[in-house]
Every structure is written in C-alpha cells, then in structure tokens.
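Q: I'll drop the sequence and a predicted model, then ask my questions.
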Amino acid sequence: MRIAIPKGRLQDRTLALFAAAGYDTPSESDLRSRRLVFQRGGIEWILVKDCDVPVYVEHGAADAGIAGLDQILEHACSAYQPVELDFGHCRMMLIAAPGAPPLTKVATKYPRIAGQWLEQRGIRAEVIPLGGSVELAAVLNLTSHVIDLVETGETVRVHKLELQELVAEISPRLIVGKNAFRTETTKIRELIARIENIVMPSGVEAPGRVVAR
Amino acid sequence: MVEKKLRYPTGVRPLLVEETARRRRIESRFVNILEDAGFAEVVLPIIDYVDPYASVLSRDSSRLSYRFVDREGDLVSIRSDFTPMVARALAPTLDESQLPLRIFYRGDVIRCDASRLGVDRELFQIGAEIVGDPSLEADLAVMNLAAKIAREFGLAPRIVYNDTSIASLLSSDERHAVVTKRALTPADIARRLTPEIAARLEAMAAALDPSTFALHLDDLDEETGYYTGIRFRLFGPDSRKAIAQGGRYDDVYQRFGAPAAAAGFTFTIDDLD
C-alpha cells in the first residue's frame, strides 16, 4: 500500500495522525533527508506537494492520502473521502479591499472552485488564476477581489483587506482511490477504521458533506 | 521549411513499427478468442451526430467527447464510447427471431476531459456484447469470457462486480454516503436488497469462481450511467487500473427503438501489458 503525505501545512499533523493510528511512519531523520519515498512497516510513504495528493490518488499512483477539500474540489478528484479530519480546518473566503468596487475580477489559486461558486451565485466575473500570494492581487488592484483560504485571518489583516463571503468550509480528509478500494479492500478498510478511531474515538457520527453556507 | 512542431495534440500519438506489431498481435489474439466464442464483428464510424445519444449519455459523459459542427451545421462528435454506438447501429435491423446476437467491435475512442489532468486520451478498445438475452446466464457468459480473455494473455484476473440496480433502492443521500464510504457498509446494503436482487446475486456468486470474482455491494458510483444491472471491472497485476469493464445495460437498445437486453464488456488495449 502506498500513502501520500502532503508536504507543508498539513504534514506534521498528518504524520502524527498515522503514527497515532499505529502505523510506522517516516522518522524525523527520514524527513530531514531529501528522499521523498520511505518504506516503513510494509507501507510506502510518499511525500508530495499538498495540491498533488488528489492527483496521485486519482490516477492510482498512491492508494490513499490526506488532502484538503480545497485540493479535492479543485482537481475534481473522484476518490472516496471516508474520514474528515479534526485538524487543519479553514475557510475559503471571498476577500476584498474595503470599499472595493463590485466583483468583476477575482484572483485565486482555485480557478475551478471560484468559477463554480461565481456561477452558482449568478455573478459574472473573470477569474485570474495565480500561483500564490493571492492577496497581493487585491492590494495592487490587479483584481477587485480574491478567493483564498483563511486560517487565522492574519494575512488578510496585514494587508488591510476584509472578508466578504464564505465560499466553502475546508477540511482535510483521508482520501482513498476507487480502484485501491476495489482491489485492496481489506487493507483499505483497516486503514479507514484505524484513522476513524483516532479522529472519532467515541464513534461519534461522522460529519456530513461540507458545503458553503 | 521544415515543420518544427514535434508534439501531437494532448493524449494522442502514433504507434511506430514495434508498437504497431505488438498492437496487431494482441488484436488478432482477441479476434480469435471472440470468434471462437461465436462473436461476429461490426465496424462503427469514427464520428456520429450528438443528437441521437442525448437520452442515453448524461451531460457529463457526452462532455468527454470532442464535438464540432459539420459542414451541414449539425453537431457531431468523435466516438468516445462504443456501447451506445453499437446499439444505434444495430437497433434498426434487429430481428427478434435471430436474438441473441453475439457482437464484437474494435477501434479507437477519444476521451477528453478538459477539466481533469492527464485524462485526455486516445484509447484502443476491443469490446463484445450479447444482445437480446436478459438472463443471468448471459451475465455470467460475458463475465467469464472477460476473465478467459485476460487468462489467455497470461494474467490472473480479479473481477470486482456489483449490481447497479441496488442504487435505485437507496436515497440520493445514502448513495452519497456509499461513495464517501462514510456509512452503508456492504452488510447494511445486503439487508436492503429486494428478494429478487438478493436471489440473483446469490445465484451469480454460486456460479462464479471465487478466486477470480468478488462481489462488492458498496461499489456504487454516484451516477450509474446506462448500466441497469451487473457492473464489473477487471484488474490484472496492476491493481490500480482496470483493464476491462462492463456490465448489463438493458435500456440502451430501447432508446434506439429496439427493445433488447444487452450485456457486454470492453478491454482497453493500452492497459494490457
């Protein structure tokens, strides 16, 4: 079984989660090396950029992984999402400078989600895809608005921008490839059960679908 | 002036001598097996009107094909799925006294999904179907034939199957729960089965070799497409990619004016290494 771990924001919590679930995860020194593939406890752990986890799992290059709903939606990833995790929650928001003109252009790292949201809201606006530092687009008047993830709101405050509307509640999930589920059913079911046990030890009802308010 | 552009449009490429030889060898083995099993070949056009398929293909699946306007102003598409095309081609000439028919076909389909990475592809497929036989025996025949073909290629096939008619027993929320794997385990679903479906699945499991075939009651997609009964996927040594898939689609011929049950499968040859 091959499991994709997202580098960056979710990496440490993700590794801690698998360790708590009883998996032999890559060690600190493993991670300090430049390697990206680690064999541990019969599992091949791969370290990939967070936005690539859904791609690896979708195409079967990894059997399972941890990915944010933002990346799952942006890639239209069809993998199963059996467990919503209890950390790393944030919100995807529409952000603008105070007194910004009506929404006509929006900069974002999530052109697909932004496009769909605008469509749902009946707003005709141009989506400008950017690779990062999206807030600058509003600060420098590249666009009137941006759509981006907000965790603490610090970036928004520093740039003197304001939060306008919620686009979606975002949480990381355990994702499992459909074909992995079909062919490695026993291992995958055990993985789901073990992760679920850590996230919801009391057997609390799993949260439902996360949709924009 | 030498044309410098080396690349091809996304997802397509030529096969040069060695690959072509390999492709042709695989094809001829397929044709031998299918002809021995009493299947006869039909050849289907590479493009067709979009209109006739409107009621068979969901909007999402018809989006998978390249579409354009022909010289008469009609919307046409490059074929992306053989199954409805076979039905449209055969339906007007189906003679009930000659059913069931055993048909096979081969050729390229082109799938484009601009919204998803890396799935733009030209695929060479060979498929077969039994037309006009709604019986469990026909289901078993196509499933066993698919397994037999895989074995002829030296593979140890594993076939995962389910009955898509289960989807109609579940509410859309429940169906969503199945695809997110949050609720509705195979045991939950087993309790919900109608006696008829349960009996059919039991008879099927009894007739199929358990080392090759596995019933997964919770293997349901959110959209069942044109499938109305059994749906299966065949895996070889690479458990991450199905080599073949198929099932029962009893309404497809009906949509083209000939009420005939049908069950079949398609192998994607590029995936058969």
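A: Structure received. Numbers count the residues shown, from 1 in each chain, chains lettered A, B, ... in the order given.
Q: Just the C-alphas of whichever helix or strand residue A:13 is part of, formatted as CSV.
A: Assigned by DSSP states H and E, residue A:13 belongs to helix A:11-20. Extracted C-alpha coordinates of helix A:11-20, given in CSV (Å, rounded to 0.1, in the frame of the first residue of the first chain):
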residue,chain,number,x,y,z
GLN,A,11,2.5,17.4,7.0
ASP,A,12,3.3,17.2,10.7
ARG,A,13,-0.3,16.6,11.9
THR,A,14,-0.8,14.1,9.1
LEU,A,15,2.3,12.1,10.2
ALA,A,16,1.2,12.3,13.8
LEU,A,17,-2.2,11.0,12.9
PHE,A,18,-0.9,7.9,11.1
ALA,A,19,1.6,7.3,14.0
ALA,A,20,-1.3,7.6,16.5
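Q: downstream neighbour of it in the secondary structure list?
A: Downstream of helix A:11-20, the first helix or strand assigned by DSSP H and E is helix A:28-32.
Q: mind checking how far residue A:102 is from chain B?
A: 28 Å (CB to the nearest CB, to the nearest Å). Bear in mind the C-beta positions are built from the backbone N, C-alpha and C, glycine included.
Q: I should have written residue A:98 there, sorry.
A: For residue A:98 relative to chain B (CB to the nearest CB), the value is 35 Å.
Q: Quick check: closest non-adjacent residue to that residue.
A: residue A:162 (5.4 Å; CB to CB, 6 or more residues apart in numbering or on different chains).
Q: Was I right to think the one you found contacts residue A:96?
A: Yes: if you go by CB atoms under 8 Å, residue A:162 and residue A:96 touch, sitting 6.5 Å apart.
Q: Neighbour count for those two, which is higher?
A: A direct count of neighbours by other CB atoms under 10 Å in any protein chain shown for residue A:162 and residue A:96 places residue A:96 higher, at 21 against 17.
Q: so who does that one touch?
A: For residue A:96, the contacting residues are A:103, A:138, A:144, A:145, A:146, A:161, A:162, A:164, by CB atoms under 8 Å, 6 or more residues apart in numbering or on different chains.
Q: Beta-bridge partners for it, please?
A: On the basis of DSSP bridges, residue A:96 is bridged to residue A:145, residue A:162.
Q: Can you show me the CA trace of stretch B:192-202 as PDB?
A: The C-alpha coordinates for stretch B:192-202 follow below in PDB (Å, rounded to 0.1, in the frame of the first residue of the first chain):
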ATOM      1  CA  ARG B 192     -31.800  -3.600   2.000                       C
ATOM      2  CA  LEU B 193     -31.700  -5.900  -1.100                       C
ATOM      3  CA  THR B 194     -35.000  -6.900  -2.600                       C
ATOM      4  CA  PRO B 195     -35.500 -10.700  -2.600                       C
ATOM      5  CA  GLU B 196     -35.200 -10.600  -6.400                       C
ATOM      6  CA  ILE B 197     -31.800  -8.900  -6.400                       C
ATOM      7  CA  ALA B 198     -30.600 -11.000  -3.500                       C
ATOM      8  CA  ALA B 199     -31.500 -14.200  -5.300                       C
ATOM      9  CA  ARG B 200     -29.800 -13.100  -8.400                       C
ATOM     10  CA  LEU B 201     -26.600 -12.100  -6.700                       C
ATOM     11  CA  GLU B 202     -26.600 -15.400  -4.700                       C
END
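Q: Need the three-state assignment for the residue nearest in space to the middle of chain B.
A: By CA atoms, centre = their mean, chain B has its centre lying nearest to residue B:246, at 4.0 Å. Three-state assignment for residue B:246 (DSSP: H, G, I helix; E, B strand; the rest coil): strand.
Q: isn't it right up against residue B:232?
A: Yes: with contacts counted by CB under 8 Å, residue B:246 reaches residue B:232, the gap being 6.0 Å.
Q: Give me the nearest residue to whatever residue of chain A ends up closest to chain B, chain neighbours excluded.
A: Residue nearest to chain B within chain A (CB to the nearest CB): residue A:60, separated by 3.0 Å. Using CB to CB, 6+ apart and skipping residues adjacent in sequence, the residue nearest residue A:60 is residue B:240, 3.0 Å away.
Q: Could I get the contacting residues of the one you found?
A: Residue B:240 sits in contact with A:59, A:60, A:61, A:63, A:177, A:179, A:180, A:183, where contact means CB under 8 Å, 6+ apart.
Q: Just confirm it is within a strand.
A: No: assignment of residue B:240 by three-state DSSP gives coil, placing it outside any strand.
Q: Please list the residues outside the helix holding residue A:13 that contact it.
A: Contact partners of helix A:11-20, identified using CB under 8 Å, 6+ apart, comprise A:3, A:5-6, A:25-26, A:31, A:47, A:66, A:85, A:87-88, A:172, A:195, A:198-199.
Q: With stretch B:25-40 instead?
A: So stretch B:25-40 is contacted by B:41, B:101-104, B:106, B:126, B:128, B:145, B:148-149, B:152-153, B:267, B:269, B:272 (CB under 8 Å, 6+ apart).
Q: Quick one: mean pLDDT for it?
A: When pLDDT is averaged along stretch B:25-40, the result is 96.
Q: Tell me the buried residues in it?
A: B:26, B:30, B:33, B:34, B:39 (16 or more other CB atoms under 10 Å in any protein chain shown).
Q: right, is the least confident helix or strand in chain B by mean pLDDT up against chain A?
A: Using mean pLDDT, DSSP states H and E, the weakest-scoring helix or strand in chain B turns out to be helix B:59-62, at a mean of 73. No: Helix B:59-62 lies apart from chain A when judged by CB under 8 Å from any CB of the partner chain; the minimum separation is 10.5 Å.
Q: buried set for that helix?
A: Result for helix B:59-62 [16+ other CB under 10 Å]: buried residues B:61, B:62.
Q: cool, stretch A:14-23 as well?
A: A:14, A:15, A:17, A:18, A:21, A:23.
Q: Flag the shaky bits of chain B, pLDDT-wise.
A: B:1-2, B:113-120, B:182-183, B:271-273 (pLDDT under 70).
Q: How about chain A?
A: Using pLDDT under 70, chain A drops low at A:201-213.
Q: List the contacts of residue B:122.
A: Residue B:122 sits in contact with B:11, B:12, B:13, B:108, B:109, B:110, where contact means CB under 8 Å, 6+ apart.
Q: Of the buried residues of stretch B:25-40, which belong to helices?
A: B:26, B:30, B:33, B:34 (DSSP state H).
Q: out of the residues you listed, who's nearest chain A?
A: For these, the nearest to chain A is residue B:26 (22.0 Å; CB to the nearest CB).
Q: Nearest residue to the closest residue to chain A within the stretch 51-200 of chain B in space, ignoring adjacent ones along the chain?
A: The stretch 51-200 of chain B approaches chain A most closely through residue B:181 (3.8 Å), counting by CB to the nearest CB. Counting by CB to CB, 6+ apart, residue B:181 lies nearest to residue A:82, which is 3.8 Å off, once chain neighbours are set aside.
Q: Just the element for the nearest residue to residue A:63 once chain neighbours are set aside, please.
A: Spatial nearest neighbour of residue A:63, chain neighbours left out: residue A:180 (3.7 Å); criterion: CB to CB, 6+ apart. Per DSSP H and E, residue A:180 falls inside helix A:178-183.
Q: repeat for residue B:76
A: strand B:75-78.
Q: which helices and strands sit right next to the following helix or strand past that strand?
A: Using DSSP H and E, the next helix or strand after strand B:75-78 towards the C-terminus is helix B:82-90. Using 3 or more CB pairs under 8 Å, 6 or more residues apart in numbering or on different chains; DSSP states H and E as the contact criterion, the elements in contact with helix B:82-90 are strand B:101-111, strand B:121-131, helix B:252-255, strand B:262-268.
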